[in-house]
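# Here is a sequence together with a model predicted from it:
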Amino acid sequence: TAFMQISECARASVEKRLRARQRQVFTLCWLIYALAYLGRNNLAAAMTALESSLGAGKTGVAMLGTLFYWCYACGKLVSGYLGDYVNNKRMVLAAVAVSGTCNMLMGAARAPWLLTVLWGLNGLAQSALWCNILRVVSRWFRQEEQGRLAIWLSTSMMAGSLAAYAGCGFLIQALPYSWSFFVPGALLLAAGAAWLKWGGNDAAREGFELDGADTAQTVRAKPSGRLWPFIVSSGLLVVTVTCLAQGMVKDSIGLWGPVMLEESFHIPAGASAAMLWALPLFNLGGVTVVGVCRSLRMKDEALAGLLMALCLGCLVGMRFCADATLYVVLLSLLSAFMYGVNTLLLTLYPLRFAAQGRVSFVSGFLDASAYLAAGLGSLLLAGVMDSGLGWPGVYALWMGVTALSLLFLWLTARFFSKSSRRQC
C-alpha cells in the first residue's frame, strides 16, 4: 500500500510537470503565430503609403502581396514535407528569426526591388511556422485534446490581425510607415529568443509519457508508406480545390480590406485600417462557431458548406451596400465565415492523419494550395481594378470561386461518406 501511494504521488508529480510544460509550449506556439500574422498583415496597413512611396499602381504594390503568397505556398510544400522528419523546434526558431529580420529591413529599405525580395523572404520564412507548430502540438498533447487545442491555436491569427489593423493603423497615422515594420520585426525577434529558451520539440524527448506510452506511439515519429498513394487515397486532391476560395477571398480581405474602404467610401489611409479593428473579433467568432457546432456533432464537411453559403450571401450584400458601417459589418462577417472554413480545412483536417505521421505534410500541402490561390487572387484583383471594372468586378470574381469551392465541398463530403462505408 505504501508503495502504491508513493507510485501515485510520483505519477501525480510527473503529470503536474507535464501540464506545466504543455501550457508553456502551447502559449509560446500561440504567441509566435500571433506575431507572425502581425508581421504579415502589417503590409495591409501600409499599402497606400507604399503605393505613394513607390510611385506604382495597384498592380505594382500587389506584387508584394502576391510574391509573399507564392513564396509562402512554395515554401509550404517543402517545409510541410520536412516537418514530419526534422526537429520542429529548430524549424520554428529559424523561421521566426528570418521573418523578424525581414520586417526590420523592410522598415529601412526604400528600393522597390529590395522591398520585393525582403517580403518574398518573409513569405518563405513564415511558411515553415504553421505546419511545424501544428506538429509540435500533436506531439505534446493527447489525441483527444488536439482538436480543441487546434481551435484555440487558430485564435492566434485573429490576435495578430487585430494588432496589425488597429496597432499598425494607428502607428501609420502618428509615425512614418516604416514603424509598422520595425515594431513587428522587434517583437518577432524577441519571441524567437523566448522560443529558444523555453520551446520544446515533443513530450517524449523530455521524458514525458502520454496515455502510458511515449508520444511517438500516439503520433508516428516518421511517416509510413509512399507519398503519392497517400495523396490519392486520402482525398487530399479534392480537399485542395475547396481551399481555392478560402485562400483567394480570406487573404485578399486581409491585404485589401483597408483599400476597399478607402476607395469605396473615401476614408483616409490609416483610418481605414483602424476601422477594421473589429475584424479579428469577428474572425474569432467564426472559429468559435466551428468549435460549438463540432461539439454538437455537426460534420466538418457540412459545416464548411454552410459557412461557404453564408459567404456568398455576404458578397451579394457588399455588392449593393451603400453604407460604410454596414459594409464593414458585411466584410467582417465574410472574413469570419472564411476563417471558420480555414479552421476546418487547414487546422482540423490535417490532424486526422496523425497516426500516419503526415500532419505536417497535409497541413503544408493544403496551406500551399490556399496561398497559391491567394497570390493569384491578389493579382486578379489588381488586374480587375486596373482594367476599370472596379470593386463590382472583384465581387463577381469572389462569388465565382466561392461557388466552385461549394461544389468541391459537396464532392469532398461524398468522398468521405463512401470511404466510411467501405471501412464499415
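Cool, the structure landed.
# From Ser252, how far off is Tyr327?
Using CB to CB, to the nearest Å, Tyr327 is found at 16 Å from Ser252. Placement of C-beta: from N, CA and C, glycine included.
# swap that for Val232, sorry
Taking CB to CB, one finds Val232 at 31 Å from Ser252.
# higher neighbour count, those two?
Neighbours were counted for Val232 and for Ser252 using other CB atoms under 10 Å; Ser252 has more, 24 against 10.
# That one sits in which helix or strand?
helix 236-265 (DSSP states H and E).
# Which residue ranges of the stretch 251-400 of the chain form helices?
Secondary structure of the stretch 251-400 of the chain by DSSP state H, counting those that start in this stretch: the helices cover 271-275, 279-295, 300-319, 324-342, 359-386, 390-423.
# Just give me the lowest mean pLDDT stretch among the ones you listed.
Here the lowest mean pLDDT among the helices of the stretch 251-400 of the chain goes to helix 271-275, at a mean of 63.
# still on that earlier bit, would you reformat the helices of the stretch 251-400 of the chain as CSV and include mean neighbour count?
Listed next are the helices of the stretch 251-400 of the chain as CSV, based on neighbours: other CB atoms under 10 Å:
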stretch, mean neighbour count
helix 271-275, 23
helix 279-295, 20
helix 300-319, 20
helix 324-342, 22
helix 359-386, 24
helix 390-423, 16
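# Next, format those helices as JSON lines and append distance to Ala46.
Shown next, in JSON lines, are the helices of the stretch 251-400 of the chain (distance: least, CB to CB, whole Å):
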{"stretch": "helix 271-275", "distance to Ala46": "9"}
{"stretch": "helix 279-295", "distance to Ala46": "17"}
{"stretch": "helix 300-319", "distance to Ala46": "24"}
{"stretch": "helix 324-342", "distance to Ala46": "19"}
{"stretch": "helix 359-386", "distance to Ala46": "15"}
{"stretch": "helix 390-423", "distance to Ala46": "21"}
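# List just the one of those helices that sits closest to Asn132.
Nearest of the helices of the stretch 251-400 of the chain to Asn132, taken as CB to CB: helix 359-386 at 6.5 Å.
# what helices or strands is the closest one leaning on?
Counting contacts by 3 or more CB pairs under 8 Å, 6 or more residues apart in numbering; DSSP states H and E, helix 359-386 is packed against helix 58-82, helix 129-138, helix 236-265, helix 390-423.
# For the stretch 101-250 of the chain, give me the ranges with low pLDDT.
Scanning the stretch 101-250 of the chain for pLDDT under 70 picks out 210-225.
# can you give me the helices for it?
112-126, 129-138, 143-162, 169-174, 179-198, 215-218, 227-233, 236-265.
# Could you identify which of those helices is most buried?
Sort the helices of the stretch 101-250 of the chain by mean neighbour count, taking mean count of other CB atoms under 10 Å, and helix 129-138 sits at the top with a mean of 28.
# between it and helix 143-162, how many degrees?
Between helix 129-138 and helix 143-162, the angle comes out at 150 degrees (axes from the mean of the first three to the mean of the last three CA atoms, to 10 degrees).
# and helix 129-138, how far from the chain's centre?
Counting by CA atoms, centre = their mean, to the nearest Å, helix 129-138 is centred 12 Å from the centre of its parent chain.
# what residues does that helix touch?
Helix 129-138 is contacted from outside by 25-26, 29, 32-33, 36, 76, 79-80, 83-84, 88-89, 91-92, 95-96, 99, 146, 149-150, 153, 200-202, 219, 346-347, 350-351, 354, 359-361, 363-364, 367, using CB atoms under 8 Å, 6 or more residues apart in numbering.
# Next, the angle helix 324-342 makes with the helix holding Ser252.
170 degrees.
# ok, longest helix in this protein?
Criterion DSSP state H: the longest helix present in the chain is helix 2-54.
# I'd like to know which elements that helix is packed against.
Judged by 3+ CB pairs under 8 Å, 6+ apart, helix 2-54 is in contact with helix 58-82, helix 88-108, helix 112-126, helix 129-138, helix 143-162, helix 169-174, helix 179-198, helix 236-265.
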